[in-house]
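S.K.: give me coordinates for this.
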Amino acid sequence: MRNLPERRIRFMKMRIAVLYACVLCAAVTVLYTAHGLQVRDADHLRELAEDHYNEKINIPPKRGTIRDRNGSELAVTVDVDSLYANPRKLRASGANVVLIAQQLAGLLGVDAQKLAERLSSDRYFVWLKRRITPKEGQAVAALRIKGIEVAKEPRRFYPGRELGAHVLGFANVDGKGIEGVELALDDRLRGSTRPVSAVRDRRGRVVFSEQLLDDRAAQGDDVVLTIDRAIQRTAERELELAVRTFEARGGSVVVMDPTTGDVLAMANFPTFNPNDPASAGQSNHRNRAVTDRYEPGSTIKPFTVAGGLAAGTTYPGQRIACEDGLLQLGDERIRDTHKWLELTPAQILGYSSNIGTAKIGLAMGRERLYRTLRDFGFGASTEIGLPGETAGILRHYKKWYELDAATISFGQGMSSTSLQLASAFGALANRGQLMQPRIVRRFQGADGQAIEEPAPRVRRQVVAPRIARLVADMLTTVTGDGGTGVEAAIDGYLVAGKTGTAQKADHIHGGYAEGKWTSSFVGFAPAEKPRLVISVMIDEPLIAHNGGMVAGPTFRRVMEASLRHLGVVATEVTAPVAQKRKPAPTVDTEDADAKAAAAVAVAAALPAQPQRTPTDEEQTVPDLRGQGARGALVMAQKAGLAVRLRGSGLVITQSPEPLAIVPLGGVIDVTLEPPAARIKADDEAAAAAALSGAGAPIETPELVVARQAGGHDG
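M.R.: Residues are numbered from 1 along each chain as shown. As a prediction, this is how the structure comes out:
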């Protein structure tokens, strides 16, 4: 620079100074601006930025799972693909909308014209088809069409298909409950929609949210039902078999635990698949067990008898005149399918006498009969919590006509549901306590921890335990030899129950509809210590209509399979429960006279063959020699005769002699002598013989005519 002119040197220094000054100014400006962005205006600018990319979004909660009592999934929510399009992007790519619509219509099974209209719209988003199958999604993806995308959506899925369909109901495409538990517990299953913070990109799509990472952050409660999947499947299978066999219109089966009120199964037929509810008619969605009311017929008789015993207007050994099969009340007649002169309450139930039951009801009086039926739950909702439940019909006793006290006592002129009958029989099985029927066992979170677990609830004590026990013993005669429900008897288990055959009312012309019946059987087992109550109703069977013949076998198969599933051990049934128990006070079995008196008292409740009409006034004396005291009583009672016992041990003599002809109701004097060691064995053998050989009831022309004339029969 020494060789450069001084003027040029000064010029270069000036340029350097100017450059330094510009750099300094720029640096100061940058620092000032950075200070403003990061310090002075930081809060304000941060708020502006967050308004653009960070906002609150509403998370649609995942619907809770429905499980059976053992944890098996009955209804779950899974993520499936849904197809949508951006019509603007599609048109911008120059695609042929009509051609694309035709291609998609063939793959998705939808209308091509409707697809073309959606793809031609001026919108950024349109649904093409929601909840597509994986196969459909793969086929659409193979087309590689710009502007058509796949999104994940939750879908309700029912792994068991038709299993428990009427109990579960179903949810619609938006995840809202429509029928059954899905509707009744929609708020608990769906959970609450809540806003959470999320980061969106420039197109408004959510790219990050910490609360979305946890699947349990937005999920409804899981519901554990009282339903047992295995018992439910058995009930549905056997019900369908009965409906198809007898060419019936439909039917229902309810299985309950009488000690807790838990509904273990609730089956209906016809049914539907909740995965595709539109494939079945609307009537198939109806839960007949709670929505359909029908005249219960003879299944009401046990409650009338229980009311009479509780009121003291009837007693166990009472012989009630049954008017030779025809009772005239004013201008009306009540008929029995068989003609009886006299029957005890146990025999009235065993042979399902309308006249005998009517007399018990009339002796109680209108108000007491009405109160009894109301206490057992008739005419009121069970409050189980399922949609569409009906309360049935039981008019107030002040509105009854003159004949109503008689007809309502055997189930005519009132109506009930299958669930009501099962619940009422549960009270007889549960020492007179009417339990609150329930379908929900507990609510739990996604982690399996219980949130709420309702306890079983006793609604009321309907009758005293001893009355309930006595009626339960009487009901074992129904499935015993000569009873109306022998088809419901189960090998190895003692069954207490009642048949019902009721003619359906004609709501158009009045009276009863010709040829239209409801056949039913309701009962519990084992009768000694009831574990299950089952109600079976078959609506309008065509092949036959006798309740024992139509509904009895279904009851037997469902009950037997259910008891074995629950591990209830079968025991060899040697005699009805009433025959096994000793009356109070306890009798010393070494005292022969006391033992004989006790045996006579117990045998009074057995279904002895009663007196027939005067056309058959005599009976042949059976040979009682070699029998024990109890065996002799059973054989004599079956022949319509009484026994006067003397001594203990085995029968060595009798008077009249075997094969002698005596009037019905006559007395046989027998003498018993040891060995005492053989008493128990012989007694059990005779009782077992009395219970064996139960066959199907014979449907004679006379029985059909009498039943049609009476309108109702067990």
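S.K.: need the contact list for residue 299.
M.R.: Residues near residue 299 by C-beta atoms under 8 Å, 6 or more residues apart in numbering: 411, 421, 498, 499, 500, 520, 521, 522, 547, 714. C-betas here are computed from N, CA, C, even on glycine.
S.K.: one more time with 7 Å, if that's ok
M.R.: For residue 299, the contact set (C-beta atoms under 7 Å, 6 or more residues apart in numbering) comprises 411, 421, 498, 500, 520, 522.
S.K.: please work out the average pLDDT along stretch 374-392.
M.R.: Averaging pLDDT along stretch 374-392 gives 94.
S.K.: now that stretch: how far from the chain's centre is it?
M.R.: Distance of stretch 374-392 from the chain centroid (C-alpha atoms, centre = their mean, to the nearest Å) equals 13 Å.
S.K.: next, the buried residues of it.
M.R.: By 16 or more other C-beta atoms under 10 Å, the buried positions in stretch 374-392 come out as 375, 376, 377, 378, 379, 382, 384, 386, 387, 389, 391, 392.
S.K.: out of these, which are inside helices?
M.R.: Applying DSSP state H to the buried residues of stretch 374-392, the entries found in helices are residue 375.
S.K.: determine which two of the buried residues of stretch 374-392 are furthest apart.
M.R.: 375 and 387 (26.2 Å; C-beta to C-beta).
S.K.: before we move on, the earlier item: take the buried residues of stretch 374-392 and write them to CSV, including distance to residue 257.
M.R.: Compiled in CSV, those are given as follows (distance: C-beta to C-beta, whole Å):
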residue, distance to residue 257
375, 21
376, 18
377, 16
378, 21
379, 24
382, 15
384, 14
386, 17
387, 23
389, 19
391, 23
392, 22
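S.K.: among the buried residues of stretch 374-392, which ones are in strands?
M.R.: Judged by DSSP state E, the buried residues of stretch 374-392 include no members of strands.
S.K.: just name the closest of the buried residues of stretch 374-392 to residue 22, please.
M.R.: residue 387 (81.6 Å).
S.K.: the stretch 201-350 of the chain: helices as residue ranges?
M.R.: 229-245, 288-291, 301-311, 345-350 (DSSP state H, counting those that start in this stretch).
S.K.: which one of the ones you listed lies nearest to residue 555?
M.R.: Across those, closest to residue 555 is helix 229-245 (C-beta to C-beta), at 8.9 Å.
S.K.: ends of stretch 653-667, what's the gap?
M.R.: 14 Å (C-alpha to C-alpha, to the nearest Å).
S.K.: for it, the averaged confidence score.
M.R.: 81.
S.K.: show residues contacting that stretch.
M.R.: Residues contacting stretch 653-667 (C-beta under 7 Å, 6+ apart): 611-612, 617-625, 640-642, 644, 668-671.
S.K.: I'd like the helices of the stretch 201-350 of the chain laid out as JSON lines, including mean pLDDT, distance to residue 279 and mean neighbour count.
M.R.: Formatted as JSON lines, these follow (pLDDT from 0 to 100; distance: least, C-beta to C-beta, whole Å; neighbours: other C-beta atoms under 10 Å):
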{"stretch": "helix 229-245", "mean pLDDT": "95", "distance to residue 279": "17", "mean neighbour count": "20"}
{"stretch": "helix 288-291", "mean pLDDT": "96", "distance to residue 279": "19", "mean neighbour count": "24"}
{"stretch": "helix 301-311", "mean pLDDT": "95", "distance to residue 279": "41", "mean neighbour count": "26"}
{"stretch": "helix 345-350", "mean pLDDT": "92", "distance to residue 279": "45", "mean neighbour count": "29"}
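S.K.: possible to save those helices as CSV with distance to residue 425?
M.R.: Below are the helices of the stretch 201-350 of the chain laid out as CSV (distance: least, C-beta to C-beta, whole Å):
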stretch, distance to residue 425
helix 229-245, 16
helix 288-291, 14
helix 301-311, 8
helix 345-350, 13
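S.K.: in terms of pLDDT, where does residue 279 sit?
M.R.: In this model, residue 279 carries a pLDDT of 87.
S.K.: that one contacts residue 273, correct?
M.R.: Yes - look at residue 279 against residue 273 with C-beta atoms under 7 Å: they come within range, at 6.4 Å.
S.K.: and these two? which has more neighbours close in?
M.R.: Neighbours were counted for residue 279 and for residue 273 using other C-beta atoms under 10 Å; residue 273 has more, 17 against 9.
S.K.: ok, the more buried one touching residue 162?
M.R.: Yes - contact between residue 273 and residue 162 holds when scored by C-beta under 7 Å: they sit 5.5 Å apart.
S.K.: overlap of the contact sets of these two?
M.R.: Between them, residue 273 and residue 162 share no contacting residue, judged by C-beta under 7 Å, 6+ apart.
S.K.: any idea which helix or strand in the chain has the lowest mean pLDDT?
M.R.: helix 701-710 (a mean of 32; mean pLDDT, DSSP states H and E).
S.K.: next, find the distance separating residue 393 from residue 499.
M.R.: 22 Å (C-beta to C-beta, to the nearest Å).
S.K.: settle it for me: which of those two has more neighbours?
M.R.: residue 499 (34 against 13).
S.K.: just give me the neighbour total for the closest residue to the more buried one other than its chain neighbours.
M.R.: Closest residue to residue 499 in three dimensions, ignoring its sequence neighbours and counting by C-beta to C-beta, 6 or more residues apart in numbering: residue 547, at 3.8 Å. Using other C-beta under 10 Å, residue 547 has 35 other residues around it.
S.K.: phi, psi for residue 547 please.
M.R.: With angles defined as degrees, to the nearest 10, residue 547 sits at phi -60, psi -40.
S.K.: thought it was touching residue 498?
M.R.: No - counting by C-beta under 7 Å, residue 547 sits too far from residue 498 to count as a contact (8.5 Å).
S.K.: so where's the stretch 201-350 of the chain uncertain?
M.R.: Residues of the stretch 201-350 of the chain meeting the criterion pLDDT under 70: 201-218.
S.K.: break down it into its strands, ranges please.
M.R.: 206-208, 222-225, 250-256, 263-269, 320-321, 326-329, 332-335, 342-343 (DSSP state E, counting those that start in this stretch).
S.K.: how close does residue 522 sit to residue 535?
M.R.: Relative to residue 535, and taking C-beta to C-beta, residue 522 is found at 5 Å.
S.K.: residues that sit against both of those two, list them.
M.R.: Contacts common to residue 522 and residue 535, judged by C-beta under 7 Å, 6+ apart, are 421, 422.
S.K.: do you have the strands of the stretch 451-600 of the chain handy? List them.
M.R.: Secondary structure of the stretch 451-600 of the chain (DSSP E, counting those that start in this stretch): strands at 458-461, 496-505, 512-525, 532-539.
S.K.: same for the longest one, what does it pack against?
M.R.: Put plainly, it is strand 512-525. With contacts taken as 3 or more C-beta pairs under 7 Å, 6 or more residues apart in numbering; DSSP states H and E, strand 512-525 sits against helix 418-429, strand 496-505, strand 532-539, helix 547-550, helix 552-565.
S.K.: tabulate the ones you listed (JSON lines), appending distance to residue 90.
M.R.: JSON lines is the format used below for these (distance: least, C-beta to C-beta, whole Å):
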{"stretch": "helix 418-429", "distance to residue 90": "55"}
{"stretch": "strand 496-505", "distance to residue 90": "60"}
{"stretch": "strand 532-539", "distance to residue 90": "55"}
{"stretch": "helix 547-550", "distance to residue 90": "62"}
{"stretch": "helix 552-565", "distance to residue 90": "57"}
